[in-house]
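Student: For reference, the sequence and a predicted model appear below.
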Amino acid sequence: MKFYLATLLFSLAQVMMLSAQTSNEFLVKQLQYSHSVENWFAPVNVATDGLSAKKANWHDDSENHSIAQLVSHLIFWNERLLKAIKGETVTEFSGDNDATFSEISEEEWIEMVNKLDQILTEIESETRKMEGEKLTGWSETLANIASHNAYHTGQIVYIRKQKGWWR
């Protein structure tokens, strides 16, 4: 009986310590999976790798977005999140979300891909530093941004597959 009780208490203590130590690391991994680490699905760095601006700007005749527009949208929202996490002033967004989607030149495309990578890397770094109430306060938003990024990355991969530009 003592053995089982001791084992149970030890296990409970480990779970509590693991939970406290890894909640931000768990979020960092989720952010990395949608950014640069291929796991169950392709991250945005893989999805945008090797694309020209011409291909990134392609879109069908409907209202669907191009890859460049999706990357522009990801930059817009992730940059706002990064500023907020850092405690910088972020003006309230009262515009049209469609304005966050834009097309670009070859030079701008390379800059955009690099900018998105830099922003996502900084979000991961800031998340890794979070503790206590700050971590608790940002956890849901960080999980949502990782999902949001993965969702739009899925659209990018779909376009590439549709056009025969995928692997």
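Tutor: In hand now; what should we look at? Numbering: from 1, shown residues only.

Student: Could I get the buried residue list for stretch 74-90?
Tutor: Buried residues in stretch 74-90, counting neighbours by 16 or more other C-beta atoms under 10 Å, are found at 74-82, 85. Where C-beta positions appear, they are placed from N, C-alpha and C, glycine not excepted.

Student: for stretch 98-115, same thing?
Tutor: 100-104, 108-109, 112-113, 115.

Student: can you tell me the average pLDDT over that stretch?
Tutor: Computed over stretch 98-115, the mean pLDDT rounds to 88.

Student: what's in contact with it?
Tutor: Defining contact as C-beta atoms under 8 Å, 6 or more residues apart in numbering, one finds that stretch 98-115 is touched by 48, 51-54, 56-57, 65-66, 68-73, 75-77.

Student: switch to 7 Å and redo it
Tutor: Contacts with stretch 98-115, where a contact means C-beta atoms under 7 Å, 6 or more residues apart in numbering, come from 48, 52-53, 56-57, 65-66, 68-69, 71-73, 75-77.

Student: first to last residue in that stretch, what's the distance?
Tutor: 20 Å (C-alpha to C-alpha, to the nearest Å).

Student: So Asp61: helix, strand or coil?
Tutor: Classification of Asp61 using DSSP: H, G, I helix; E, B strand; the rest coil returns coil.
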